[in-house]
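> kindly generate the corresponding structure for this input.
(chains A, B, C and D)
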There are 2 protein chains.
Amino acid sequence: MAAGQADATRGKATSQTVKALLALRDLILSGELKRGERIAELSVVDRLGVSRTPLRMALVRLEEEGLLEALPTGGFIVKAFTERDIFDAIETRGTLEGLAARFAAERGVTTIGLSAFHRCLADLDELIGRGKLSEDDFSDYVDLNEQFHEMILAAADSPVLAHQLERASALPFASPSGFVMAQAVLPEALKILTIAQDQHRCVVEAIEAREGGRAEALMREHARLAKRNLILALRDRASFQLVPGAALIRQHGAG
Amino acid sequence: MAAGQADATRGKATSQTVKALLALRDLILSGELKRGERIAELSVVDRLGVSRTPLRMALVRLEEEGLLEALPTGGFIVKAFTERDIFDAIETRGTLEGLAARFAAERGVTTIGLSAFHRCLADLDELIGRGKLSEDDFSDYVDLNEQFHEMILAAADSPVLAHQLERASALPFASPSGFVMAQAVLPEALKILTIAQDQHRCVVEAIEAREGGRAEALMREHARLAKRNLILALRDRASFQLVPGAALIRQHGAG
DNA sequence: CGGGATGAGTATGTATACATTTCGGCGCGC
DNA sequence: GCGCGCCGAAATGTATACATACTCATCCCG
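You can find the predicted model right below:
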C-alpha cells in the first residue's frame, strides 16, 4: 500500500498532507509536544499514522507559520512564547487589520458589502443583547467575530495584504478570536464584548464615511482590547487554560 | 548515490533543499518560468539537478512566500502581480516597518545601537555626497540601505514582528531596496536618494527622542518613496527591466 | 578523576518506486 | 455534427529504502 491508501472510511478523502498538518498543529497547541522540545519525526509518524513525507511537508509549513523553529543542524523544535511575544503578535495583527480597514475606507465598499456588514453587526447586537451568555453563545460570538474580521479583509480587496494578515493571524493567540473563549469565564466578559461591538460599529461607520485614518485607528485599538483580555486571562488560572496554545506560553517565573 | 552526495567540492556543503529553493526562486524571478504557468515538477527537476523531494520542499516554501499559488487540484502556478499588488506589498511592508520603528522608539535603543545607526547614516551621507554615482555606488547604497532597515528591525527587539516583516519583504519588489537599482538609470536618482537619506536621519532622530508616532509615520512615508520609484520605473523600459521580478508583473494593457 | 576523542546508534536529508488522480484525446452515440 | 463518456498517459501525492550527519555515551589517556 504505497500511496493514498484509499481510506476505507469513505467519509473524508483528506490528503495525508492536510491530515498531518492539522494533527501536528493539534499536537503542538495541546501541549503534547512541549515547548522547546525537539520533534522526532519517527515518533510523530507513529502517532499520526502518516509517513514521513507528508509529515515533513507539515513541519515546513508550521515553521513558516511560526510555531516551529528550524535548528541549524536540522530538525525542528517547538517555539516558546513570552508574554511580550504575544503582545507583539496582537499588535502586529492589529496593525495589519488597521491597514485593511483603511484600504476598505479609501477604496470604498459596495452597497452589497455594506449591507453584509450591517447584518453582521445586527447579529452581534442581538447576541450581546441577550444579557447573560451561555458557552454556546460565546461560541456563536466567535463565529460572528471571525466573520466580521474576514469581511474587513475582503473589503480591503488586496490579495497581498490578505496573505500577510492570514499569516499574522496564524499564531493561535494572535487570532482575532483568540481570547474570546478565555474571557467567557471572566466576570468582565459582557462588558468587554459590549466595548468590542461598539468598536465594530464605529469601524463600519468610518469605512462607510470613507474616513480611512479613523478606520485604521479604531481597528488597531480593537486589537488592543485583545491584549487587555490577555492580561485578565493570565491572572486567572481557569481562564488561562482556555487560551489557545497556552502550553506554548512561558510565564515569567513558572517553567 | 542516494543522499547528500558528499559534494566533492569541499567548499560549500549546501543542502539540496537550499539549492533547490534558491535555484527555483531564480527561475521564477528571471522569468524562465512564466507567470501563470503551471510548474511541472519533472521538467524543473531535470533543469536543477535535484530530486523531487527537495524540490517539493522548495515549492511549499515559495508558496508560503507568496511567489507560487497552490492549485486545488494539486501542483503550483507562478503568481502574477498587478501594479496595485505591488503598491499594496510596499504599503504593507512600510506599515510593518513603521511598527518596528515605533517599537524601537517606545522601548528605547542602547547607546551602542544608536552609534551604529549614526555610523550607518554617516556612510550613506558620504556615499550620496559623491555627487555623480557609479553603478558600484548604487550597489553599495543597496547594502547600506538594507543594513539600515535591518537595524530598525533589530532595534524593535521583537521576534514575532521580525518574522512577519521578513515575510513581507520576501516578495522581491516589496523589499526595501527593490527599486534602487531600477532608479540607477533614472535622472531623478540622486534627488530620490537624498530624500530617502533625510528620512533615514529623521527616523533615527525620532527613535532617539522616543517619538514613537513620528518614527512610525516617517517610516511609512519612507516606504511610499519606493512607490514613487516604482511609478517612475514603470514608465521607463530600461529601468523596468532592472526591477527584481519584473517578469511577474502584468502591466495594464500588455500581456 | 576528568576531559576529549571515538564509535555505535539514531535521526534527518535525499532519491526513487509506486499508486492514484487528473487532464487530454479519441471514439461512439444521439 | 456535436456532446458525452471512456480510456490512456502523465503528473502529483505517498511510502520507503538508503546514505550521511549528528548525538550521545563510553572508554581510554593524561
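> next, count neighbours for A:Leu29.
Residues near A:Leu29, counting by other CB atoms under 10 Å in any protein chain shown, number 18. Heads up, the C-betas are built off the backbone N, CA and C, glycines and all.
> do the same with A:Val204
A:Val204 - counted by other CB under 10 Å - has 25 other residues nearby.
> which non-adjacent residue is nearest it?
A:Phe117 (4.8 Å; CB to CB, 6 or more residues apart in numbering or on different chains).
> isn't A:Pro176 right up against A:Leu144?
No. Using CB atoms under 8 Å, A:Pro176 makes no contact with A:Leu144, being 11.1 Å away.
> neighbour-wise, which of these two wins?
Neighbours were counted for A:Pro176 and for A:Leu144 using other CB under 10 Å; A:Pro176 has more, 22 against 19.
> SS state for that one?
coil (DSSP: H, G, I helix; E, B strand; the rest coil).
> report the contact partners of it.
A:93, A:97, A:145-146, A:149, A:169, A:223, A:226 (CB atoms under 8 Å, 6 or more residues apart in numbering or on different chains).
> what do you get for A:Phe173?
A:81, A:86, A:89-90, A:179, A:230, A:243-245, A:249.
> centroid-nearest residue for chain A?
A:Ser175 (2.3 Å; CA atoms, centre = their mean).
> list the contacts of the helix or strand hosting the residue nearest to A:Val204.
Following DSSP states H and E, one finds A:Phe117 within helix A:111-129. Contacts to helix A:111-129, defined as CB under 8 Å, 6+ apart, come from residues A:109, A:133, A:137, A:140-141, A:144-145, A:147-148, A:151, A:154-155, A:190, A:193-194, A:197, A:200-201, A:204, A:207-208.
> what's the answer for stretch A:14-34, then?
Contacts of stretch A:14-34 (CB under 8 Å, 6+ apart): A:4, A:39, A:44, A:47-48, A:50-51, A:54-55, A:57-59, A:61-62, A:67-68, A:78, A:172, A:244-248.
> tabulate the contacts of A:Pro176 (CSV), appending pLDDT, secondary structure and neighbour count.
Output for the contacts of A:Pro176, formatted as CSV (pLDDT from 0 to 100; DSSP: H, G, I helix; E, B strand; the rest coil; neighbours: other CB atoms under 10 Å in any protein chain shown):
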residue, pLDDT, secondary structure, neighbour count
A:Arg93, 98, helix, 27
A:Glu97, 98, helix, 25
A:Asn145, 97, helix, 21
A:Glu146, 97, helix, 15
A:His149, 98, helix, 22
A:Ser169, 96, coil, 21
A:Ala223, 97, helix, 22
A:Ala226, 93, helix, 27
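> my guess is the residue nearest to the centre of chain A contacts A:Ala168. True?
No. Contact criterion CB under 8 Å: A:Ser175 and A:Ala168 do not qualify, at 9.2 Å.
> need the overlap of contacts for these two.
Common neighbours of A:Ser175 and A:Ala168 (CB under 8 Å, 6+ apart) are A:Arg93.
> how about the strands in chain A?
Applying DSSP state E to chain A gives strands spanning A:68-70, A:76-78.
> low pLDDT regions in chain A?
Scanning chain A for pLDDT under 70 picks out A:1-13, A:252-255.
> chain B contacts on that one?
Applying CB under 8 Å from any CB of the partner chain, we find that chain A lies next to chain B at A:53, A:56-57, A:60-61, A:64, A:66, A:81, A:84-85, A:88-89, A:91-92, A:95-96, A:98-99, A:103, A:158-161, A:163-164, A:167-168, A:171, A:174.
> filter these to the buried ones?
A:56-57, A:60-61, A:64, A:66, A:81, A:85, A:88-89, A:91-92, A:95-96, A:98-99, A:103, A:158-161, A:163-164, A:167-168, A:171, A:174 (16 or more other CB atoms under 10 Å in any protein chain shown).
> so which of those also contact DNA strand C?
Restricting those to those near DNA strand C by CB under 7 Å from any atom of the strand leaves A:Arg56.
> which ones among the buried ones among the residues of chain A next to chain B map onto helices?
The helices, defined by DSSP state H, take in A:56-57, A:60-61, A:64, A:85, A:88-89, A:91-92, A:95-96, A:98-99, A:103, A:159-161, A:163-164, A:167-168 from these.
> out of those residues, which touch DNA strand D?
Counting by CB under 7 Å from any atom of the strand, the members of these near DNA strand D are A:Met57.
> which parts of stretch A:146-157 are buried?
A:148-149, A:151-153, A:155-157.
> show me the contacts for the closest residue to A:Ala184 other than its chain neighbours.
Spatial nearest neighbour of A:Ala184, excluding adjacent residues (CB to CB, 6+ apart): A:Phe138 at 4.4 Å. For A:Phe138, the contacting residues are A:180-181, A:184, A:189, by CB under 8 Å, 6+ apart.
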